[in-house]
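Visitor: next one to model:
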Amino acid sequence: MTNQHPNNPLHGVTLEMILNDLVDHFGWNELGKLIDIRCFNNDPSIKSSLKFLRKTPWARTKVEKLYLDLKNKKRRG
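Guide: Purely as a prediction, here's the structure:
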């Protein structure tokens, strides 16, 4: 079987996995400072954040970019 998405760094990574990694690394407070959206700053939870991010493309794009930046930084050292 060949890789159908060789140039997509998010292939196989779910939004929930991304969010869990970001919360584990930054915590809700710092994540809310980096991406100022209510679901990160007011009574944050994975469930409410996933619901919001699935409906809001601009916010999801910011979260995915932060995740990719974090992964690239970890790879470089």
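Visitor: any idea which helix or strand in this protein has the lowest mean pLDDT?
Guide: helix 57-76 (a mean of 93; mean pLDDT, DSSP states H and E).
Visitor: which sections of this structure are below the confidence cut-off?
Guide: Within the chain, the stretches with pLDDT under 70 are 1-6, 77.
Visitor: all helices of it, in order?
Guide: Under the criterion DSSP state H, the chain contains helices at 15-34, 38-41, 46-55, 57-76.
Visitor: please identify the most buried of these.
Guide: helix 38-41 (a mean of 18; mean count of other CB atoms under 10 Å). For every residue, glycine as well, the C-beta is placed using N, CA and C.
Visitor: just checking, what packs against it?
Guide: Helices and strands touching helix 38-41, by 3 or more CB pairs under 8 Å, 6 or more residues apart in numbering; DSSP states H and E, are helix 15-34, helix 46-55.
Visitor: to Asn8, which of these lies closest?
Guide: helix 15-34 (13.4 Å; CB to CB).
Visitor: run through who's touching that closest one.
Guide: 10, 40-41, 44, 46, 49-50, 53-54, 60, 63-64, 66-67, 70 (CB atoms under 8 Å, 6 or more residues apart in numbering).
Visitor: can you pull the contacts of the residue lying closest to Ser48 once chain neighbours are set aside?
Guide: What sits nearest to Ser48 in space, not counting adjacent residues and going by CB to CB, 6 or more residues apart in numbering, is Cys39, at 5.1 Å. Each residue near Cys39 by CB under 8 Å, 6+ apart is listed here: Ser48, Ser49, Lys51, Phe52, Leu53.
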